[in-house]
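In: Sequence and predicted structure are below.
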Amino acid sequence: MGRILLIIAVAVAVIIVAGALFSLLMGLLKWGLILGAILLGVVGVSKLVKSRSGRR
């Protein structure tokens, strides 16, 4: 009986740790995508401004 409870406790602990790790990875991915989109916007605006100033 004690061994079964120990196995169940370990399984629950593994699920909790895996969930926390997955949440952390998804948070990092989200911030990476946000920063990438901002960087892409800055590069696009920069190229647009340079191409317009070169026409004058």
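Out: Received, thanks. Numbers count the residues shown, from 1 in each chain.
In: mind showing which ranges of this protein have poor pLDDT?
Out: Screening the chain residue by residue with the criterion pLDDT under 70, one finds the ranges 54-56.
In: Count the residues that sit near residue 27.
Out: 10 (other Cβ atoms under 10 Å). (Glycine included, C-beta is placed from N, CA and C.)
In: how far away is it from residue 20?
Out: Computed as Cβ to Cβ, to the nearest Å, the residue 27 to residue 20 distance reads 11 Å.
In: Likewise for residue 29?
Out: Residue 29 sits at a distance of 15 Å from residue 20 (criterion: Cβ to Cβ).
In: what about the residue positioned nearest the centre of the chain, distance to residue 23?
Out: For the chain, the residue lying nearest the average C-alpha position, counting by Cα atoms, centre = their mean, turns out to be residue 29 (1.4 Å). Using Cβ to Cβ, residue 29 is found at 11 Å from residue 23.
In: How about residue 35?
Out: Distance, residue 35 to residue 23, by Cβ to Cβ: 19 Å.
In: Could you do residue 33 as well?
Out: Remark: distance between residue 33 and residue 23 (Cβ to Cβ) = 16 Å.
In: again with residue 32
Out: Relative to residue 23, residue 32 is positioned 15 Å away (Cβ to Cβ).
In: Run a quick neighbour tally on residue 45.
Out: By the criterion of other Cβ under 10 Å, residue 45 has 10 neighbours.
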